[in-house]
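Peer 1: fold the following, please.
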Amino acid sequence: MSERGELRLPEMQRQYVWRSPRVRDLMDSLYRGCPSGAILLWETDETVPLQAMAVKQQANPNASTRLLLDGQQRLTSLSAVIWGQPVTVRGCQKPIELLLNLEHPERQEIVTEVEEDTEDEIENDEADSTEDDLQRRFERMTFVVTTAKLTVLPQWVKVSDIFKSESDTAILKRAGIKDFEDERYERYTARLARVRAIKKYVYRMDVLERSLTYEEVTEIFVRVNSLGAKLLSSDLALAQITAR
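Peer 2: Presented below is the predicted three-dimensional model:
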């Protein structure tokens, strides 16, 4: 829908603001079969002020328009990664490049979303870490934001390359697998298939009535995006401790 131009962004929406670590965590969640919420749309024949999405779209072929009220960050992120194209942020094109660790542990540590306002601090922490510390940390992860050093290692695969082809041959060859007898063959092919399955994830779509006015829809947009209480890091930590 987004690619065909059937899904548009109303002017009331904020711009695309997610940074690469958030996209990484979304991919990780979908890879593990976690639910990713719902998408809120409004289908209307009204002439509504629009803004451009951060990914390229075709011209809308329909008379009516489906407007995206909730889910822009998720759909834009997934579109950019699956299509392998950059997002446009404040007039500049910015690639979202992720790597899959073919040798990731079966059981992962619980991953929580990165706070928008703490990503710079995390990047600084990584800059202060030794190379060995970073390597050990990355080896425990399934997806990472692309780095030049990891890209050249055979166990790390560009996620956009996985979506470009249904064939695993080139990826397996690069990983050093020469035949079906290799003990890694089934594990790697299963993991690559799980990544491609993300394209088939079905979001539930809640569609607002056509009879609503633009002002009424704006009020709904404000309520949907303002009334939720964001969990603090301490709340998330307590939940993990309680589970253990």
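
Peer 1: show me where this protein has helices.
Peer 2: 20-31, 72-83, 119-128, 131-139, 148-151, 159-164, 169-174, 185-197, 214-226, 233-243 (DSSP state H).

Peer 1: need the ones you listed in CSV with distance to residue 99, can you?
Peer 2: C-beta here means a position set from N, CA and C on the backbone, and glycine is covered the same way. Formatted as CSV, the helices of the chain follow (distance: least, Cβ to Cβ, whole Å):
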stretch, distance to residue 99
helix 20-31, 9
helix 72-83, 11
helix 119-128, 15
helix 131-139, 9
helix 148-151, 6
helix 159-164, 7
helix 169-174, 12
helix 185-197, 11
helix 214-226, 32
helix 233-243, 25
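
Peer 1: worst mean pLDDT among these?
Peer 2: Mean pLDDT is lowest for helix 119-128 out of these, coming in at a mean of 52.

Peer 1: same list (the helices of the chain) but as TSV, adding mean neighbour count.
Peer 2: Listed next are those as TSV, based on neighbours: other Cβ atoms under 10 Å:
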stretch	mean neighbour count
helix 20-31	20
helix 72-83	21
helix 119-128	11
helix 131-139	12
helix 148-151	12
helix 159-164	18
helix 169-174	14
helix 185-197	15
helix 214-226	13
helix 233-243	10
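
Peer 1: which one of the ones you listed lies closest to residue 37?
Peer 2: Closest approach to residue 37 among the helices of the chain is made by helix 72-83 (7.4 Å; Cβ to Cβ).

Peer 1: remind me what the closest one packs against, helices and strands.
Peer 2: helix 20-31, strand 87-89, helix 159-164 (3 or more Cβ pairs under 8 Å, 6 or more residues apart in numbering; DSSP states H and E).

Peer 1: so which of the ones you listed is nearest residue 243?
Peer 2: Per Cβ to Cβ, nearest to residue 243 of the helices and strands packed on helix 72-83: helix 20-31, 16.7 Å.

Peer 1: please save the CA atoms from that closest one in PDB.
Peer 2: Provided in PDB are the C-alpha atoms of helix 20-31 (Å, rounded to 0.1, in the frame of the first residue of the first chain):
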ATOM      1  CA  SER A  20      18.900   3.000  13.400                       C
ATOM      2  CA  PRO A  21      19.000   1.300  16.800                       C
ATOM      3  CA  ARG A  22      15.200   1.500  17.000                       C
ATOM      4  CA  VAL A  23      14.900  -0.100  13.600                       C
ATOM      5  CA  ARG A  24      17.200  -2.800  14.700                       C
ATOM      6  CA  ASP A  25      15.100  -3.500  17.700                       C
ATOM      7  CA  LEU A  26      11.900  -3.600  15.600                       C
ATOM      8  CA  MET A  27      13.500  -6.100  13.200                       C
ATOM      9  CA  ASP A  28      14.700  -8.200  16.100                       C
ATOM     10  CA  SER A  29      11.100  -8.300  17.600                       C
ATOM     11  CA  LEU A  30       9.500  -9.300  14.300                       C
ATOM     12  CA  TYR A  31      12.200 -11.900  13.800                       C
END
